[in-house]
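[1] Show me how the following folds:
(one chain, ligands or ions: 1)
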Amino acid sequence: MSDNRPKQSVELLADSPYVLRTDNSKDVPENNIKTALASGNSGFLHSFTTGSAVDGPGIRVVAWTSGCQFKCLYCHNPDTWKIRNGIPVTIERATATLEKYVAGLKIMGGGFTLSGGEPLMQDRFAVNLFTAAKKMGIHTALDTNGSLGNRLSDSDLEKIDVVLLDIKAWNEENHKRITGYQIAPVLEFARRLGSLKKPVWIRFVMVPGYTDNPSEAKMIAKFASDLGNVERVDVLPFHQMGRFKWKELGLRYKLEGLEPPAPEDVQKICTQFREEGLKTY
Ligand code: SF4
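    Numbers count the residues shown, from 1 in each chain. Purely as a prediction, here's the structure:
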């Protein structure tokens, strides 16, 4: 990228992914975006954040990618849906950013997590970043909705120590209602990870009236248990921290008045996972 080289002036580090970021790649020519996606030599990031204790084992540095084909009704980062909202970042810049934290991550038994958005919208960049992280000797985690898992070869997956896999619903109709997409590719990826014995943490967002149906949670629990590689299930209560983003982006937010689930209801869903022999958090 010569004349059209991505701008590198925007601060990559953010206090949290809840900072609204838009249009950071709006001037990047379409061809450059295509080339970046194909090669993985550059990517598009909402931000880097540090100090996460919930995105993998230990303390994590997280890179948040832009681009997601799902449109989850409860998404708390809809500014990451469009690739063009992300900051154009060369692999060298992303690697150098991560490198600053390597010593601390090793001391704290943490690692690097790639989240989003959907990181596999930029699968080559993701693999390049994971490869760089492994060369630095740190633990790696991919946080994904799973629908583009077939973009990763078995050898790509060797660069990833744990997959944080969202299962958003079990019932096909409900999955489409919540995400706009089919569940089949997600489950196919989950089965493949099972056959590879790749460690997986399932993430299940509990949304009152949408995903709190006990029979649906039961089916997910049975499926996860049968895989044999699920180390834990994180039952995440729906919250409203991203509501302001929908408003700022001019998007219609259907969950405007929805309250987070009661703690005892979350515990009931956790119990269903535990009954299938899974650890929940
Ligand atoms: S998969 Fe994640 S980033 Fe994509 S729409 Fe759903 S919640 Fe948002």
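[2] For whichever residue of the stretch 101-250 of the chain sits closest to the ligand, grab the count of nearby residues.
    Closest residue of the stretch 101-250 of the chain to the ligand, C-beta to the nearest ligand atom: N145 (3.9 Å). Where C-beta positions appear, they are placed from N, C-alpha and C, glycine not excepted. The burial count assigned to N145 is 26, neighbours taken as other C-beta atoms under 10 Å.
[3] Quick check: buried residues in the strand of greatest length in the chain?
    The longest strand of the chain (DSSP state E) is strand 42-52. For strand 42-52, a neighbour-count test (16 or more other C-beta atoms under 10 Å) marks S42, G43, F44, L45, H46, S47, F48, T49, T50, S52 as buried.
[4] For the residues you listed, could you give me a markdown table that also reports distance to G109 and pLDDT?
    Formatted as a markdown table, these follow (distance: C-beta to C-beta, whole Å; pLDDT from 0 to 100):
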| residue | distance to G109 | pLDDT |
| --- | --- | --- |
| S42 | 31 | 97 |
| G43 | 27 | 98 |
| F44 | 30 | 98 |
| L45 | 25 | 98 |
| H46 | 26 | 97 |
| S47 | 24 | 96 |
| F48 | 20 | 97 |
| T49 | 18 | 97 |
| T50 | 15 | 96 |
| S52 | 14 | 94 |
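[5] Looking at those residues, which is nearest the ligand?
    Distances from the ligand to the buried residues of strand 42-52, taken by C-beta to the nearest ligand atom, are shortest for H46, at 9.9 Å.
[6] Can you name the residues that contact the closest one?
    Going by C-beta atoms under 8 Å, 6 or more residues apart in numbering, H46 touches 14, 17, 21, 64-66, 77, 79-80, 85-87, 116-117.
[7] how close does it get to G117?
    7 Å (C-beta to C-beta, to the nearest Å).
[8] Common neighbours of those two, please.
    W64, T65, S66, N77, T80, G86.
[9] quick revisit: pick out the lowest-pLDDT one from the contacts of H46.
    For the contacts of H46, the weakest pLDDT value sits at P17, with 90.
[10] Tell me the secondary structure at that one.
    Per DSSP: H, G, I helix; E, B strand; the rest coil, the secondary structure class of P17 is coil.
[11] Pretty sure V61 sits against F112.
    Yes: V61 is in contact with F112 according to C-beta atoms under 8 Å; the separation is 5.4 Å.
[12] How many residues are close by G257?
    7.
[13] all strands for the protein, in order.
    42-52, 60-65, 87-90, 111-115, 139-144, 162-166, 200-206, 230-237.
[14] now those strands in JSON lines, with distance to E172?
    Output for the strands of the chain, formatted as JSON lines (distance: least, C-beta to C-beta, whole Å):
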{"stretch": "strand 42-52", "distance to E172": "30"}
{"stretch": "strand 60-65", "distance to E172": "27"}
{"stretch": "strand 87-90", "distance to E172": "36"}
{"stretch": "strand 111-115", "distance to E172": "26"}
{"stretch": "strand 139-144", "distance to E172": "20"}
{"stretch": "strand 162-166", "distance to E172": "16"}
{"stretch": "strand 200-206", "distance to E172": "17"}
{"stretch": "strand 230-237", "distance to E172": "21"}
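[15] pLDDT value on the residue of the stretch 101-250 of the chain closest to the ligand, please?
    98.
[16] do the same with E216
    89.
[17] count of residues packed around the residue lying closest to it once chain neighbours are set aside?
    Nearest non-adjacent residue to E216, counting by C-beta to C-beta, 6 or more residues apart in numbering: W170, 4.6 Å away. Neighbour count for W170, taken as other C-beta under 10 Å: 21.
[18] I'd like the distance between W170 and Y210.
    Applying C-beta to C-beta to W170 and Y210 gives a distance of 12 Å.
[19] Stretch 101-117 and the ligand in contact?
    Yes: counting by C-beta under 6 Å from any ligand atom, the ligand has neighbours in stretch 101-117: G116, G117.
[20] Contacts for that stretch, please.
    Counting by C-beta under 8 Å, 6+ apart, 17, 46, 50, 52, 55-68, 77, 80-81, 86, 98, 126, 129-130, 133, 136-144, 161, 164 sit against stretch 101-117.
[21] list the contacts for E118?
    T65, G67, C68, Q69, F70, T144, N145, S147, L148.
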